[in-house]
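Colleague: please find the sequence and the predicted model below.
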Amino acid sequence: MIRRLAILGLLIAACSLISWGQRSEPGKQAPRSPDFRPSAEVPAMPKALMKFPRTHITRAKFPAIDFHFHGGGLKSAEDYRKMIQLMDQTGIGVICNMDGGFGKTFDENMKVGEPFRDRIIHFARLNFEGINDPGWSARTAAELERCFLAGAAGLKINKVLGLDLKNADGTYIQSDDPRFDPIWEMCAKHDKPVMIHTSDSYGRFLPIGPENERYEAGLWRTSPEGNYYKTGQPAPGVIEKARENMHARHPKTRFVNAHMAMLYYDMDKVAALLDKYPNADVEISATVQDLGRAPRMIRKFFLKYQDRILFGSDGNPGRGMEEFWVPHWRFLETYDEHFDHPAQLRSPTGAPLHGRWRIYGIGLPDDVLRKVYYANALRYLPPARATIEKQLAARR
């Protein structure tokens with residue numbers, strides 16, 4: 001009986017991770033793939049039988065700034081206290097909440113989070129409602145400025161821009177649309193970063209079927225949500241070109257491109273973006289499962305671009321230490337081999353939906369770890385410097 005309850009608990013937890021990772025914008029209707037056919041769920045990953053050396057690691061070597069965290073579940077002072085307790089256990093110095101909201105929602109989050117502002121800081125999250133109405137740009141830029149003056153540490157843009165937002169004529173709105181110029185310039189005016197997620201995992205643009213490694217891992221078994229093949233949505237190249245135009249047109253605005261700019265599948269493209277645009281940085285959230293497959297190549301990349309890479313997790317308050325946080329530290333700090341990656345999503349069976357494989361560590365040296373974990377982020381977050389320095393001193 002106890003075993004059955006434990007299994008049931010795991011399934012419930014797994015389903016909650018799926019719903020968190022696949023949350024949709026209010027009112028968003030996901031286009032359906034015309035060729036979709038439901039199929040059976042894949043089983044959980046088999047246990048590795050070979051014994052591998054493992055570095056003893058329980059928390060980050062240096063206090064990490066998580067530049068991409070979803071704190072929408074932080075509703076009360078108790079929620080914040082529990083989150084900070086977990087942060088202390090696993091070595092997270094500061095988290096940037098990408099779900100800070102806009103308008104009234106932003107004000108409410110700032111009020112509840114005020115006693116904890118040294119550890120949990122909020123980014124404004126743009127409200128796209130009424131984007132086709134006259135005056136939207138001016139009103140939105142003005143509200144963004146108000147949020148900055150009220151304490152917003154930056155601006156979060158999600159993948160709705162490029163993939164779902166439409167003009168009145170039905171065409172898709174991209175990040176180089178002139179309506180966003182006043183918004184990007186407002187960020188430059190207040191020296192605030194734009195944490196921008198445009199496009200999506202490359203496998204989501206490919207057909208649903210056995211040759212798609214995301215499908216093989218367990219995605220789109222019961223629903224095609226989040227797959228863009230034959231849905232009429234823009235191809236990655238269209239979104240990427242608009243992003244380049246945006247970077248070029250706003251050289252004084254700093255853009256932190258989420259998820260390795262969604263180009264993790266082709267590191268030459270990531271390098272080209274960083275080389276061409278000095279105002280572009282990248283963060284690593286939801287890419288560790290892919291980066292960890294090629295540790296030698298990725299280590300060289302981290303060493304070369306060590307000043308342009310930020311740590312991010314795309315995590316939330318429900319993620320546990322062993323299953324989610326420690327694999328991040330193991331990947332960055334050790335040369336451990338063939339270990340479970342920090343799965344962003346799991347199926348009801350426990351299968352890791354973004355990669356049915358194990359990964360390898362890249363063993364970054366301390367000077368590079370410090371940059372990735374906190375120093376690069378502090379360029380954007382001056383108020384966080386005091387708490388990071390305090391935590392560093394406490395570890396000596």
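Modeller: Okay, I see it.

Colleague: how far out from the middle of the chain is whichever strand or helix holds residue 121?
Modeller: Per DSSP states H and E: residue 121 is located in strand 120-122. Distance of strand 120-122 from its chain centroid, counting by Cα atoms, centre = their mean, to the nearest Å, is 15 Å.

Colleague: residues in contact with it?
Modeller: 71, 74, 80, 83-84, 94-97, 100, 106, 109-110, 113, 151-153, 381, 383-384 (Cβ atoms under 8 Å, 6 or more residues apart in numbering). To be clear about C-beta, it is placed using only N, CA and C from the backbone, and glycine gets the same treatment.

Colleague: now list the buried members of these.
Modeller: The neighbour count (16 or more other Cβ atoms under 10 Å) marks 71, 74, 80, 83-84, 94-97, 100, 106, 109-110, 113, 151-153, 381, 384 as buried among the contacts of strand 120-122.

Colleague: in strands only, show me those.
Modeller: 94, 95, 96, 97 (DSSP state E).

Colleague: now pLDDT too, for those, in JSON lines please.
Modeller: As requested, those are arranged in JSON lines below (pLDDT from 0 to 100):
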{"residue": "94", "pLDDT": "98"}
{"residue": "95", "pLDDT": "98"}
{"residue": "96", "pLDDT": "98"}
{"residue": "97", "pLDDT": "98"}
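
Colleague: residue contacts, residue 157?
Modeller: When contacts are counted by Cβ under 8 Å, 6+ apart, residue 157 touches 126, 175, 194, 195, 196, 197, 198.

Colleague: and those residues, which is closest to residue 254?
Modeller: residue 194 (7.0 Å; Cβ to Cβ).

Colleague: count the residues that sit near that closest one.
Modeller: Neighbours of residue 194 under the rule other Cβ atoms under 10 Å: 25.

Colleague: could you export stretch 356-366 as PDB, CA atoms only?
Modeller: In PDB, the C-alpha atoms belonging to stretch 356-366 read as follows (Å, rounded to 0.1, in the frame of the first residue of the first chain):
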ATOM      1  CA  ARG A 356      16.000  10.400 -23.200                       C
ATOM      2  CA  TRP A 357      19.700  10.300 -22.500                       C
ATOM      3  CA  ARG A 358      22.200  11.200 -19.800                       C
ATOM      4  CA  ILE A 359      24.800  13.900 -19.800                       C
ATOM      5  CA  TYR A 360      28.500  14.700 -18.900                       C
ATOM      6  CA  GLY A 361      30.100  17.500 -16.900                       C
ATOM      7  CA  ILE A 362      32.300  20.200 -18.300                       C
ATOM      8  CA  GLY A 363      34.500  20.900 -15.200                       C
ATOM      9  CA  LEU A 364      34.800  24.700 -15.500                       C
ATOM     10  CA  PRO A 365      37.700  26.300 -13.600                       C
ATOM     11  CA  ASP A 366      36.800  28.500 -10.600                       C
END
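
Colleague: pull out the buried positions in it.
Modeller: By 16+ other Cβ under 10 Å, the buried positions in stretch 356-366 come out as 356, 357, 358, 359, 360, 361, 362, 363, 364.

Colleague: over to stretch 99-109?
Modeller: 99, 100, 101, 102, 106, 107, 109.

Colleague: and the residues you listed, which two are the farthest apart?
Modeller: It's 99 and 107 that sit farthest apart of the buried residues of stretch 99-109, by Cβ to Cβ, at 14.0 Å.

Colleague: follow-up on the earlier one: now, which of the buried ones among the contacts of strand 120-122 lie within helices?
Modeller: Of the buried ones among the contacts of strand 120-122, the ones assigned to helices by DSSP state H are 80, 83, 84, 106, 109, 110, 113.

Colleague: what's the most distant pair in those residues?
Modeller: Longest span within these, Cβ to Cβ: 84 and 106, 20.8 Å.

Colleague: burial measure for residue 317, as a count.
Modeller: 18.

Colleague: now do the SS call for it.
Modeller: coil (DSSP: H, G, I helix; E, B strand; the rest coil).

Colleague: got a list of what it touches?
Modeller: Residue 317 makes contacts with 71, 73, 74, 79, 82, 83, 86, as judged by Cβ under 8 Å, 6+ apart.

Colleague: what about 6 Å?
Modeller: 73, 83 (Cβ atoms under 6 Å, 6 or more residues apart in numbering).

Colleague: related to what we said a few turns ago, quick one: strands adjacent to the helix or strand just after the strand holding residue 121?
Modeller: Later in the chain than strand 120-122, the nearest helix or strand by DSSP H and E is strand 124-125. Sheet pairing here is set by DSSP bridges, and for strand 124-125 it gives strand 155-157 (parallel).

Colleague: just how off-centre is the strand it pairs with within its chain?
Modeller: Centroid separation for strand 155-157 versus its chain: 11 Å, with Cα atoms, centre = their mean.

Colleague: what about that strand, average pLDDT?
Modeller: Mean pLDDT, computed over strand 155-157, is 98.

Colleague: for the record, mean pLDDT for the helix or strand following it?
Modeller: Scanning forward in sequence from strand 155-157 by DSSP H and E, the next helix or strand is helix 160-163. What helix 160-163 shows for mean pLDDT is 98.

Colleague: how about helix 160-163, which residues are buried there?
Modeller: Buried residues in helix 160-163 (16+ other Cβ under 10 Å): 160, 161, 162, 163.

Colleague: the last one and residue 174, how far apart?
Modeller: The one in question is residue 163. Computed as Cβ to Cβ, to the nearest Å, the residue 163 to residue 174 distance reads 10 Å.

Colleague: residues contacting the residue nearest to the spatial centre of the chain?
Modeller: Centroid-nearest residue in the chain: residue 314, 3.6 Å away (criterion: Cα atoms, centre = their mean). Contacts for residue 314 (Cβ under 6 Å, 6+ apart) come out as 68, 285, 286.

Colleague: not counting sequence-adjacent ones, nearest residue to residue 50?
Modeller: What sits nearest to residue 50 in space, not counting adjacent residues and going by Cβ to Cβ, 6 or more residues apart in numbering, is residue 338, at 7.4 Å.
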